[in-house]
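In: could you look at this predicted model? Sequence included:
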Amino acid sequence: MFSFFKKKVASNTRKISEALKGEVTLDESRLEDLLYDLEISLIESDVALEVVDKIKDDLKNSLLGKTFERGEDLAGVVKDALKKSLKDIFVDEDLIEVIRGGGRPFVIAFIGVNGTGKTTTIAKVATALEKEGLSSVIAACDTYRAGAIEQIEQHAEKLGVRLIKHGLGADAAAVAFDAIEHARAKDKDVVLIDTAGRMDTNVNLMDELKKVVRIAKPDRVIFVGDALTGNAVVDQVLAFNKYASIDGAILTKADADAKGGAAISVAFILKKPIYYLGTGQQYGDLLKFSSQWFVDEILSE
């Protein structure tokens with residue numbers, strides 16, 4: 001994962017170190033020149049412009065006016081400053097711990113655009129919950145496509161998880177309500193609401209999403225985004241957040257993501273946790289996100 005990002009950052013930190021021979025003090029002009037290539041690399045890695053500006057400002061505040069002597073590891077100093085700047089972007093929260101500390105049933109609504117792997121992600125989350133001894137119920141709230149109900153039903157059957165569904169075209173909010181009532185009656189721990197994948201430009205579906213959230217009153221609204229869409233995922237987050245206040249994110253297809261910028265951008269824009277990264281098609285291919293792990297991973301050589 002994140003091979004492109006690693007190579008770009010490693011190359012630029014080496015360039016910075018090689019550009020400075022002998023004792024040098026980093027003034028504003030020299031520092032701006034040194035950070036230019038790093039700025040371009042961040043942009044090429046799908047890091048949003050406002051995040052790039054934040055990182056540049058952090059590095060300037062950390063390095064401006066400092067004097068480096070001959071032989072000093074300037075590349076290491078820059079890398080440490082970059083690591084701190086990136087770490088500050090993320091908010092860590094363990095979803096399992098949050099669920100354990102919440103009420104019963106704990107309700108989670110999953111939202112996002114078409115084709116991000118949202119339904120498969122819900123099945124993965126159900127698997128992760130079962131491993132932690134937490135029972136779940138799935139609400140099939142994508143009532144616009146018969147195929148969507150069949151898909152989530154197949155996952156539920158394989159996992160042995162109860163699925164609450166209505167017919168095609170049913171009121172999605174009513175399905176969510178019934179799933180919550182079932183979970184309450186059967187003493188289930190978590191309700192996983194599979195909303196219809198939708199484009200943020202579809203006003204009718206976005207209004208329906210608002211209704212589902214209003215009726216279900218989820219404890220967490222989780223945005224599921226495709227890490228490979230780069231900065232497009234930022235626009236999606238901003239659009240969906242207007243209709244349903246997002247509490248965190250899961251990014252899919254991270255195993256194929258060479259850039260890593262989507263995770264950085266989403267974390268910065270939302271100021272909320274990234275809970276998991278999807279790393280494959282199997283039910284166990286869900287990696288718990290940690291900012292320490294992520295920053296170490298993308299800055300390793």
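Out: Cool, the structure landed. Computed from a predicted structure; not experimentally measured.
In: list the helices and strands the helix or strand hosting A239 packs on?
Out: Assigned by DSSP states H and E, A239 falls within helix 232-243. On a contact count with 3 or more CB pairs under 8 Å, 6 or more residues apart in numbering; DSSP states H and E, helix 232-243 meets helix 203-216, strand 220-226, helix 261-270. To be clear about C-beta, it is placed using only N, CA and C from the backbone, and glycine gets the same treatment.
In: make CSV from the ones you listed and add distance to K7 and mean neighbour count to it.
Out: Listed next are the helices and strands packed on helix 232-243 as CSV, based on distance: least, CB to CB, whole Å; neighbours: other CB atoms under 10 Å:
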stretch, distance to K7, mean neighbour count
helix 203-216, 39, 17
strand 220-226, 22, 25
helix 261-270, 14, 24
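In: out of these, which is closest to K6?
Out: For the helices and strands packed on helix 232-243, proximity to K6 was assessed by CB to CB; helix 261-270 is nearest, at 12.3 Å.
In: if we can go back for a sec, ok, which of the helices and strands packed on helix 232-243 comes nearest A123?
Out: Judged by CB to CB, the one of these that comes nearest to A123 is strand 220-226, at 12.0 Å.
In: strand partners (parallel or antiparallel) of the closest one?
Out: Here strand 220-226 is paired, per DSSP bridges, with strand 106-111 (parallel), strand 248-252 (parallel).
In: average model confidence for the first one?
Out: Right, strand 106-111. In this model, strand 106-111 has a mean pLDDT of 97.
In: what sits up against that strand?
Out: 98-99, 118, 121-122, 125, 176, 180, 189-195, 209, 212-213, 216-224, 240, 244, 246, 250 (CB atoms under 8 Å, 6 or more residues apart in numbering).
In: related to what we said a few turns ago, what's the mean pLDDT across the helix holding A239?
Out: 91.
In: between helix 203-216 and that helix, find me the angle.
Out: Using axes from the mean of the first three to the mean of the last three CA atoms, to 10 degrees, the direction of helix 232-243 lies 60 degrees away from that of helix 203-216.
In: okay, domains of this structure per the record?
Out: Following automatic domain parsing, one gets these domains for the chain: 3-87, 95-290.
In: of all the ones you listed, which lies closest to L299?
Out: domain 3-87 (5.7 Å).
In: chain center to that closest one, what's the gap?
Out: Relative to its chain's centre, domain 3-87 lies at 25 Å (CA atoms, centre = their mean, to the nearest Å).
In: same question, stretch 82-92
Out: 14 Å.
In: and the strands in the stretch 1-150 of the chain, which stretches?
Out: Counting by DSSP state E, counting those that start in this stretch, one finds strands in the stretch 1-150 of the chain at the ranges 24-25, 67-68, 106-111, 136-141.
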